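*Asks:* Here is a sequence together with a model predicted from it:
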Amino acid sequence: MFLSVITIGDYVPVIVQVLVTAGVIFGGTGFWQWKQAKDQAKRDKENKENGIGSKVDSLSTQITDLNTKLDTMSDDLRHIKHDIELLEDARLETVRYRELRDKQDKAAIKAQQGVINSLKGILRERLLDNYKKCVKKGYYSKEEREIFGEMFQCYESEPFNGNGVMHQLRPIMQGLPWTAEEAGKTTNEIE
């Protein structure tokens, strides 16, 4: 018979096989979980040493800065909203002021037109009186011509814009003689 020497090295594959089988049967996954946790801790340590921790800290600081900026922007928006409300109030007041001013302007224009019409009537009356007086006496003196000319110029220009009868009477007035002698009247006839 042939006996050979068996060494422990010959049993290692068998022992490993038994341990693996036993581990699977008796919850050997715990070893693998432990190994994964150990590997993750090692990776976390390496990441922290490689600057990921400082990057996270930097991001945290940036987020805090952004929150501060958002708060500031929120305050700014409240101020802007308030300013817009003030501008809207000012716009409404401006509209009210313009409406009131327009009303007052219309009333002033109406009053001014009344004054203009009154003065136009007074001018027309004075021109007619002057015409009647000159036609009655038969002549039209130099002084009367100057006064009539100035009044007629006012009457026919802005703002009176007179027209009508006075335009027809003016040529008649200008056709009258300048003096009583030219009209052939004596001093007794003038009085």
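*Replies:* Cool, got the structure.

*Asks:* The longest helix anywhere in the chain: what's the following helix or strand?
*Replies:* In terms of residue count, the longest helix belonging to the chain (DSSP state H) is helix 52-137. The element immediately downstream of helix 52-137 (helix or strand, assigned by DSSP states H and E) is helix 142-156.

*Asks:* Could you report the separation of V165 from Q17?
*Replies:* 141 Å (Cβ to Cβ, to the nearest Å). Any C-beta I mention is one placed from the backbone N, CA and C, and that applies to glycine too.

*Asks:* Point out where the chain drops to low pLDDT.
*Replies:* 1-6, 19-32, 51-53, 185-191 (pLDDT under 70).

*Asks:* one more time with 90
*Replies:* 1-77, 113-128, 130-131, 134-135, 137-142, 144-145, 147-176, 178-191 (pLDDT under 90).

*Asks:* Look at F152 and say how many residues are nearby.
*Replies:* By other Cβ atoms under 10 Å, 19 other residues sit near F152.

*Asks:* didn't it look like it was pressed against P171?
*Replies:* No - F152 is not in contact with P171 according to Cβ atoms under 8 Å; the separation is 11.5 Å.

*Asks:* Which secondary structure state is assigned to W178?
*Replies:* Using DSSP: H, G, I helix; E, B strand; the rest coil, the structure places W178 in coil.

*Asks:* burial count for it?
*Replies:* Neighbour number of W178 under other Cβ under 10 Å is 13.

*Asks:* which residues does it contact?
*Replies:* Counting by Cβ atoms under 8 Å, 6 or more residues apart in numbering, W178 touches 139-142, 145.

*Asks:* Could you turn the buried ones of those residues into a ChimeraX selection?
*Replies:* Buried residues among the contacts of W178 (16 or more other Cβ atoms under 10 Å), as a ChimeraX selection:
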select :139,140,145
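
*Asks:* Closest one of the contacts of W178 to K81?
*Replies:* R145 (74.8 Å; Cβ to Cβ).

*Asks:* Please report how far that closest one lies from A111.
*Replies:* For R145, the distance to A111 - Cβ to Cβ - is 35 Å.

*Asks:* Over to C154?
*Replies:* Separation of C154 from A111 (Cβ to Cβ) stands at 20 Å.

*Asks:* So which of these two has more stuff around it?
*Replies:* The residue with more neighbours, out of C154 and A111, is C154; 16 against 10, by other Cβ under 10 Å.
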